[in-house]
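Peer 1: I'll drop the sequence and a predicted model, then ask my questions.
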Amino acid sequence: MNDVVPKKILIVEDSRLNAQITAGILSKYGYETEIVRTGEEAVEKVKSDQSPDLILMDIELIGKLDGIETARIIQQFKDIPIVFLTANTNKEIMEKIKSVTGYGYILKGVDEYVLISTVEMALKLHQANMMIKQNEELFRNMFETNEAIMLLVEPKSGQIVDANKSACRFYGYPKETLLKMDIGKININSVINDDKNCIEAFKRSCNPCVCIQRLANGEKRFVEVYSTVVNYQKKELLYLIIFDITERWYAEKELKFYHHLFENSPNEIYIFHSETFKFISANRRARENLGYSLDELNEMTPLDLKPEFDVQSFKELLAPLSQRKQEFIIFNTTHRRKDGSVYPVEVRLMLIESAEEKVYMAIVIDVTERKTLERELQEKNEILSTIMKSAGDAIIMIDDKGDVTFWNPAAERIFGYTKEEVMGKELHRFMIHDESLYQVYKEAFKKFQLSGKGSAVGKTIELKTKHKDGHEIDVELSLSAVRMKDTWHAVGIVRDITERKKIEEMIYLQSITDPLTNIYNRRFFMQMMEQEMERTRRNGKPFSLIMFDIDHFKSVNDRFGHAAGDMVLKSIADMVKKRIRKTDCFARWGGEEFIILLPETSLKDAVGLAEELRERLSSMPLPEVGHVTASFGVASYRPSDTIDTILLRADDMLYEAKASGRNCVKSE
């Protein structure tokens, strides 16, 4: 038994890397491949004795001939199926493709299933076309026995004249029923041309024409229709060869969605070869930030961007991924732009495997602003030096039922649930523990299912949720709605901001408190005074101020040292804090001087409190120092007061107390 001779495929592509990737996929499926970079080389190959069975042709080529012109020259002297490779599907490109080939095109970057399916279909179509050129008896046999779906249609009326067995099986109608129908009963519309009257598209030999067709059971299927006019039994008929591409169609649609996520990510994303390290792709954010085009990046590696790495150190960095010791690596480095400038980045590296292919993916965050903030915070307090360490972004997708369909490693880290624990399960069932809140969510989700709209869709919001172990975490959520397979799905990008919230609270407390005594500082006290003045003007309820100063405090520092003086200030502050109300505002006014704001307190009550504090302070034992006293001034709000006038009166009363021999209370 002779071995089957592999089909020869000529790849005409000026990008060596893209050509090698394509050749690798084809070789895996048993095809023999050859690569040339120019149209001129392709023409010479076809003219030789060993011409290919099929040509994969890039439209944009180096040299004098582009892909379209090369195809025209080849078709003049040899019938070889040509499938175009293109990254652009605008109307002009499509018209050019239609003008020179009936075998269609493939978008660059499609997965191997789409590539192999298209190649197989083109070879089958070419084989079918060759057979059509033979006599009618051969055509009849081929028509009836071919596994491809075939129809003969009367061009003017659209009446189905003949249908092969594959067509009857596919559509679910007996042959006698099909022969009583016109093509309009099957075809719904043309997807590519949006043509309701598909028969007109078939007459124009729109190859391939992608259509939606309805089966006998009502099911809709996406099909590729290749049409040509044949003379059969002295009649001019439309000969249709039809391929079911439903699964491929949805795969391409989903691929476009993920490509949209990739291309429009706010972070830089790179994919590079696992052996050569050459970039395979880089998204728009990466290209714009670096200043390189994709063609330029395709000739570069990550080492061209990272000045502190060489080949050896970079391989060592990747070792935990290549050895499967880690799923991802996060590190900080700098990137060098095309203009020579550098900027700090956070890089998240992971190894991705698909079939036998291995590539690295890098998600790069420009942390210029973050680094600037970290430097500013370090100048204020060393406690904040660990701020802004990346927590990573969780990417979560739910379907129209609210079930999880995508859960990345960052989501596992942030929420504590593994991918296996959440996939296919209702997300909010284990995220929302309060039953009443869960019911509110269910009502809101019904609206989302119908319209893809909601109060949080298209916005970035902050909220609280719970980790698997029960502890509460703060997160920032960016929510988007995506239409997939006629239903609304949701994509959420979640960032853990728990640490940021803690830092913000710490910074706020530092900004309003005195670092020595841990009571409020003068600036915050003035803010509270403004609020209390406004509240008093509204409700008419008075407030009072107590201002006091430690007597002869300089002598304490001189005799016992500044450490003892600090101890005295802290001890007095602690004593007063324990005595006053939570609604009172106690602040260090400056040096050894303190002030108390007493909301809804009369002058009489304020004087009584001042006298009590004076007595407690004078009798309070202080280690090493013994006892100290203080002088108190008390003032109460008047309708004509401003902040300055009431503060001035309290200060006057304080100095009157000092002039009266100290260790006493004076009020207006």
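Peer 2: Noted; the coordinates are in hand.
Peer 1: please count neighbours and contacts with C-alpha atoms only from this point.
Peer 2: Will do.
Peer 1: so what's residue 132 scoring on pLDDT?
Peer 2: The model reports residue 132 with a pLDDT of 58.
Peer 1: and the strands in the stretch 501-650 of the chain, which stretches?
Peer 2: Shown for the stretch 501-650 of the chain, the strands assigned by DSSP state E, counting those that start in this stretch span residues 544-550, 585-590, 593-598, 630-636.
Peer 1: out of these, the one nearest residue 220 is which?
Peer 2: strand 585-590 (72.6 Å; Cα to Cα).
Peer 1: just to revisit the earlier point, closest to residue 270 out of the strands of the stretch 501-650 of the chain?
Peer 2: Nearest to residue 270, of the strands of the stretch 501-650 of the chain and by Cα to Cα, is strand 585-590 at 54.3 Å.
Peer 1: could I get the phi/psi values of the residue nearest to residue 45 when sequence neighbours are not counted?
Peer 2: Closest residue to residue 45 apart from its sequence neighbours, by Cα to Cα, 6 or more residues apart in numbering: residue 51 at 6.0 Å. With angles defined as degrees, to the nearest 10, residue 51 sits at phi -70, psi 150.
Peer 1: can you tell me which residues contact the residue nearest the centre of the chain?
Peer 2: Central residue of the chain (Cα atoms, centre = their mean): residue 265, 5.1 Å from the mean position. The contact partners of residue 265, by Cα atoms under 8 Å, 6 or more residues apart in numbering, come to 283, 285.
Peer 1: number the chain from 9, please
Peer 2: Okay, residue one is now 9; in that scheme the one you just asked about reads as residue 273.
Peer 1: SS state for it?
Peer 2: coil (DSSP: H, G, I helix; E, B strand; the rest coil).
Peer 1: swap in the one 10 residues further on?
Peer 2: Three-state call for residue 283 (three-state DSSP): coil.
Peer 1: so residue 48 sits against residue 73, correct?
Peer 2: Yes. Residue 48 is in contact with residue 73 according to Cα atoms under 8 Å; the separation is 6.7 Å.
Peer 1: with mean neighbour count, mean pLDDT and distance to residue 467 added, can I get the strands of the stretch 509-658 of the chain in JSON lines?
Peer 2: Shown next, in JSON lines, are those (neighbours: other Cα atoms under 10 Å; pLDDT from 0 to 100; distance: least, Cα to Cα, whole Å):
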{"stretch": "strand 552-558", "mean neighbour count": "26", "mean pLDDT": "95", "distance to residue 467": "46"}
{"stretch": "strand 593-598", "mean neighbour count": "21", "mean pLDDT": "92", "distance to residue 467": "38"}
{"stretch": "strand 601-606", "mean neighbour count": "22", "mean pLDDT": "95", "distance to residue 467": "42"}
{"stretch": "strand 638-644", "mean neighbour count": "27", "mean pLDDT": "96", "distance to residue 467": "49"}
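Peer 1: and those strands: which comes nearest residue 30?
Peer 2: Going by Cα to Cα, the one of the strands of the stretch 509-658 of the chain nearest residue 30 is strand 593-598, 73.4 Å.
Peer 1: and the angle from that closest one to strand 552-558?
Peer 2: 40 degrees (axes from the mean of the first three to the mean of the last three Cα atoms, to 10 degrees).
Peer 1: for strand 593-598, which helices and strands make contact with it?
Peer 2: Contact partners of strand 593-598 among helices and strands, from 3 or more Cα pairs under 8 Å, 6 or more residues apart in numbering; DSSP states H and E: helix 530-547, strand 601-606.
Peer 1: where does the stretch 59-208 of the chain dip in pLDDT?
Peer 2: 110, 139-150, 197-208 (pLDDT under 70).
Peer 1: where along it do the helices fall?
Peer 2: Here the stretch 59-208 of the chain has its helices, by DSSP state H, counting those that start in this stretch, at 75-85, 99-108, 120-140, 144-153, 173-179, 183-186, 206-211.
Peer 1: of those, which is nearest residue 504?
Peer 2: Across these, closest to residue 504 is helix 120-140 (Cα to Cα), at 36.5 Å.
Peer 1: the closest one - contacts with which helices or strands?
Peer 2: helix 144-153, helix 254-271.
Peer 1: and residue 229, which of these is closest to it?
Peer 2: Taking the helices and strands packed on helix 120-140 one by one with Cα to Cα, helix 254-271 is closest: 5.6 Å.
Peer 1: hang on, residue 665 in a helix?
Peer 2: Yes. Counting by three-state DSSP, one finds residue 665 located in a helix.
Peer 1: looking at it, it is touching residue 671, isn't it?
Peer 2: Yes. Residue 665 is within contact range of residue 671, at 7.4 Å (criterion: Cα under 8 Å).
Peer 1: quick revisit: adding mean neighbour count and distance to residue 491 as columns, could you present the helices of the stretch 59-208 of the chain in JSON lines?
Peer 2: Output for these, formatted as JSON lines (neighbours: other Cα atoms under 10 Å; distance: least, Cα to Cα, whole Å):
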{"stretch": "helix 75-85", "mean neighbour count": "17", "distance to residue 491": "36"}
{"stretch": "helix 99-108", "mean neighbour count": "14", "distance to residue 491": "25"}
{"stretch": "helix 120-140", "mean neighbour count": "16", "distance to residue 491": "22"}
{"stretch": "helix 144-153", "mean neighbour count": "15", "distance to residue 491": "40"}
{"stretch": "helix 173-179", "mean neighbour count": "18", "distance to residue 491": "28"}
{"stretch": "helix 183-186", "mean neighbour count": "15", "distance to residue 491": "35"}
{"stretch": "helix 206-211", "mean neighbour count": "20", "distance to residue 491": "26"}
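Peer 1: closest to residue 294 out of the ones you listed?
Peer 2: Per Cα to Cα, nearest to residue 294 of the helices of the stretch 59-208 of the chain: helix 120-140, 25.6 Å.
Peer 1: alpha carbons only: can I get that closest one in CSV?
Peer 2: The C-alpha atoms that make up helix 120-140 are tabulated as CSV, following Å, rounded to 0.1, in the frame of the first residue of the first chain:
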residue,chain,number,x,y,z
GLU,A,120,-4.8,26.8,14.1
TYR,A,121,-8.3,25.4,13.9
VAL,A,122,-9.5,28.2,11.6
LEU,A,123,-6.3,28.0,9.5
ILE,A,124,-6.5,24.3,8.9
SER,A,125,-10.3,24.4,8.3
THR,A,126,-9.8,27.1,5.7
VAL,A,127,-7.0,25.3,4.0
GLU,A,128,-8.9,22.0,3.9
MET,A,129,-12.0,23.8,2.5
ALA,A,130,-10.0,25.5,-0.2
LEU,A,131,-8.4,22.2,-1.3
LYS,A,132,-11.8,20.5,-1.3
LEU,A,133,-13.3,23.4,-3.3
HIS,A,134,-10.4,23.3,-5.8
GLN,A,135,-10.8,19.6,-6.1
ALA,A,136,-14.6,20.1,-6.7
ASN,A,137,-14.0,22.8,-9.3
MET,A,138,-11.6,20.5,-11.2
MET,A,139,-14.2,17.8,-11.2
ILE,A,140,-16.8,20.2,-12.5
